[in-house]
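Novice: just coords:
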Ligand SMILES: Cc1cc2nc3c(=O)[nH]c(=O)nc-3n(C[C@H](O)[C@H](O)[C@H](O)COP(=O)(O)OP(=O)(O)OC[C@H]3O[C@@H](n4cnc5c(N)ncnc54)[C@H](O)[C@@H]3O)c2cc1C
């Protein structure tokens, strides 16, 4: 059904929004987003824009220590501040349930996670008390006057030390800092390594990142005691799941709670969660009988909103001389932080699932240990486990290609499954739906002018110029997902209602927060009903209006939520046909839906869409058994995930004197199945690539040994800025997914997944001639310079391509490398 | 993001401003607010009184006076960056200004504020040092001229007294010299990890004079006198060796982004490159 809109960086304004001929479907067109005018003009409403009569403000008092006993808390001075309404500590809020974790695993240690710290604080930024006042100024002043006695304890920030000689614990009761182990093994791994001509080993670190949505978290709650109704406005990706959790935390019937996600300014996974404040603020509103609002500051956002990544990975690839991969062994330490947030222990498991990448590994052996440390929790951040997996696979593939002296593109092509092998069962137990890996890589190579880049690289070396070409291919897991494989249901709901005037309301359980589904879902419904996207109003994010839904994350909204909308619309089309047939004296099967008109095949008699719709509501002439009205709901349960894929190529130049990296060219060929709106798909890819390059080059959330955040402000934590990046060359291939009727896959995270290893591959490739094989992220100029200086100081020893000597040589080589310090 | 309570005054004359400033110990001048307000929002700065000098007429200008260009303290980075007069007659200041922060920062931030703030990674300090600029400060007992070389005394510390207001910066015309500002931007803050300002006079293949100011490397911006000495009277080919002295005897700052060692290394490389560029400009 969908067309492949050819993406370009420039949008063709002319075709936008106007229908070029009646026959052309809306789907596949570069429609500008319906939501943009109000967002760009600043006339829409985020939680922090909402004001209610008699509204109070609150400020959390947070721990300045990473690990400490909490002694007395003195609140008198704070209470005495003019305008302060109340100060509350753990004792006061003991009726609020724990901050929830949705993940169950056999050996998972689940620490108690109260909304305000009780005897101990376990990370900097952990909430200890909350101050409520008439205005934010009073609340902020009073918060500073809350005196807390802390007895500092030994701080655990290093995972290896935390597991090593364990003498101090993040949670005493477990007598261990290991939260879980998770293994995924398949195929004969011992045989694979025995058969290997070469074993390629590398330790690689996936540093901790901050999601940094443009809008920080915010909660506004109001309780009406007469109606017994709690309304919570919350900047969330998951309004329904949050409603359920709030009702549990506060012991309210779920029917008494209404959650509204107003305008949500991005989430990147950080708002796919339930936080302490999500329970505290509604509790305060109930306790004080007045609306209460809380808005997170950017500093709080750094310290107390979930982080992403943070794994140490020891990787070994067994490979034959001819470049055939035989097996992959990965040991992962995952830094979970101090507590489990909603999905914390799940994320490394997603990494395990995706570690086969887009290659035919006969055997795999993965072991993951989740580790408690005195830091904020890690959880889902754009890509959630898949970027980590792709980084591991794509880095080790590149290192192997260099070691084997095989071109890195060729090496990949050799190990891809062929498109006829799909659906393809992976060694990790997944079934990839559909793909043409060769096609996308070849297209990317061609677009990048790969051969010319390689030639330039070779010639450059003669002039002391270090050019690098990074290749990264990827497959990701989207459309999350079949319910059996998800913690809280993987389906999505949609209600489509054709109103009496022919305008359409879509209620979607997906809760978009920047993705643009108000536009794309309107496009897909418009095509189905022969109307315009402007006739379709997409409603989301209000649990009182919308049927229970799962939300927007895991690149699922279109593939699962969009499919639900599509299928609900099919039900209405059948109803429209039945009624039109009745009105035209024809058979329902002969009715076709055209542009604003329904026509009977044989007689060619037709009736305007609006008349049929109105007839369904006036109900004066309806067939026997026909239910008046035009509303249909569908809960779509997907049969499988979808697996988008693609190939990215980066071309860089490294300044050997300063270690500065210049990204010259970036080419991305992505395949997310059929495309509803090329403009929005390109937008997702564009932003995703920037964010992924951000990890490769600049972003790092550093905790020092005292557990203090060193890069906890935007003046220290470097996000990618537009002028850091060249214009990207985007293109795509289209391999429809067989998993859903629209053949769509998902695109929200793709860019982030592919670009990180692509960038690191490019830089390491530029320096390969110096004997450099790996540099840890972010590739700060100093790190790159250090690597170059060390390599130049210790000339490369020739490496024999000999089994047996390999392990020793790899060990020696690793020993020569500059110490990779984790801070 | 909520500062502590403070009072606010916006006098219309310099005399009034000076009086207000002297009236309370914890009074502070407010110029563009792009250093002061962020610090107040984080409660790192807690002045009790802000004396906004933005409403005082005649503090924002760029004009010629004999062999100098006079720049009013309230002149914004944007105005300095785009000044035709500076670009023609003393471009080093403009070059530095174009590299400050982003558009919003350049539209609000002022040269007086930047110099008074004396952030170790600020851009102007390197430039005014290389230019041997004069900083004019007005105080309760009148005006005084502070040489740029005597102005920066430590991290966020200057020769300015708490009751003084910078009114003007005077820079020489450098029409017969070659000037270059080179900067390694911090990827998050945009400040200079290292900033090198070079002013070079070459005649007949020989370096007649050289002045270099470096920002970012240490607590405060400094003149690289060892480099200057190694260049004076030497052929252009002496640059490479001379540049090696760029951070000599300097106690460099080190942080998560750039260690002291790396800062010194960058200073050396960037000094060489800035000098080479200036020399090639001068040759033309
Ligand atoms: C995001 C961001 C990025 C930045 N990047 C850079 C950069 O790359 N390079 C750079 O150099 N700077 C940078 N800055 C700082 C910016 O240039 C500031 O504008 C400048 O440091 C201060 O100037 P101001 O006019 O805003 O002063 P204010 O913030 O108003 O004042 C700063 C201090 O100077 C005092 N003061 C101000 N004017 C006078 C005066 N006339 N006499 C005496 N005391 C005075 C104030 O009391 C205060 O203590 C950045 C700032 C931000 C917010």
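Specialist: Now that the structure is in, tell me what you want to look at. Since the structure is predicted, the reported quantities are computational estimates derived from the model, not experimental observations.
Novice: Identify the residue of the stretch 1-150 of chain B closest to chain A, quick one.
Specialist: Using Cβ to the nearest Cβ, the single residue of the stretch 1-150 of chain B nearest to chain A is residue B:2, 4.0 Å away. Placement of C-beta: from N, CA and C, glycine included.
Novice: list the contacts for that residue?
Specialist: Applying Cβ atoms under 8 Å, 6 or more residues apart in numbering or on different chains, we find residue B:2 in contact with A:136-137, A:140-141, B:41.
Novice: max-length strand in chain B?
Specialist: strand B:192-203 (DSSP state E).
Novice: if we can go back for a sec, distance of the residue of the stretch 1-150 of chain B closest to chain A from residue A:59?
Specialist: Distance check for residue B:2 against residue A:59: by Cβ to Cβ, to the nearest Å, it reads 8 Å.
Novice: between those two, what contacts are shared?
Specialist: Shared contacts of residue B:2 and residue A:59 (Cβ under 8 Å, 6+ apart): A:136, A:140.
Novice: can you give me the strands in chain B?
Specialist: Using DSSP E, strands in chain B cover B:7-9, B:27-30, B:49-52, B:62-65, B:68-72, B:134-139, B:142-147, B:152-154, B:157-158, B:165-172, B:178-185, B:192-203, B:206-215, B:222-223.
Novice: The second one pairs with which strands, and in what direction?
Specialist: Listed by DSSP bridges, the sheet partners of strand B:27-30 and their directions read strand B:49-52 (parallel).
Novice: Mind listing residues that contact the strand it pairs with?
Specialist: B:6-11, B:17, B:20-21, B:23-24, B:26-30, B:36.
Novice: Relative to the whole chain's centre, how far out is it?
Specialist: Mean-position distance between strand B:49-52 and its chain equals 23 Å (Cα atoms, centre = their mean, to the nearest Å).
Novice: hmm, that strand in reach of the ligand?
Specialist: No. Contact between strand B:49-52 and the ligand is absent, the nearest approach being 8.2 Å (criterion: Cβ under 6 Å from any ligand atom).
Novice: How many residues are close by residue A:405?
Specialist: By other Cβ atoms under 10 Å in any protein chain shown, the residues close to residue A:405 number 9.
Novice: hang on, I meant residue A:552
Specialist: 33.
Novice: How about residue B:84?
Specialist: Counted with other Cβ under 10 Å, the neighbours of residue B:84 add up to 9.
Novice: Contact partners for it?
Specialist: For residue B:84, no contacting residues are found, by Cβ under 8 Å, 6+ apart.
Novice: which strands and helices sit next to the helix or strand of chain B with the lowest mean pLDDT?
Specialist: One helix or strand of chain B scores below all others by mean pLDDT, DSSP states H and E: helix B:260-283, with a mean of 94. When contacts are defined as 3 or more Cβ pairs under 8 Å, 6 or more residues apart in numbering or on different chains; DSSP states H and E, helix B:260-283 packs onto helix A:781-793, strand B:178-185, strand B:192-203, strand B:206-215, helix B:225-231, helix B:239-243.
Novice: Run the chain-centre distance for the longest one.
Specialist: Just to be clear, that refers to helix A:781-793. Centroid separation for helix A:781-793 versus its chain: 33 Å, with Cα atoms, centre = their mean.
Novice: same check, this time on stretch A:400-407
Specialist: That offset, for stretch A:400-407, works out to 32 Å (Cα atoms, centre = their mean).
Novice: which other residues reach it?
Specialist: With Cβ under 8 Å, 6+ apart as the test, stretch A:400-407 has contacts from A:198, A:200, A:317, A:319, A:321, A:323, A:325, A:408, A:410-412, A:414, A:454, A:765, A:768, A:773, A:799.
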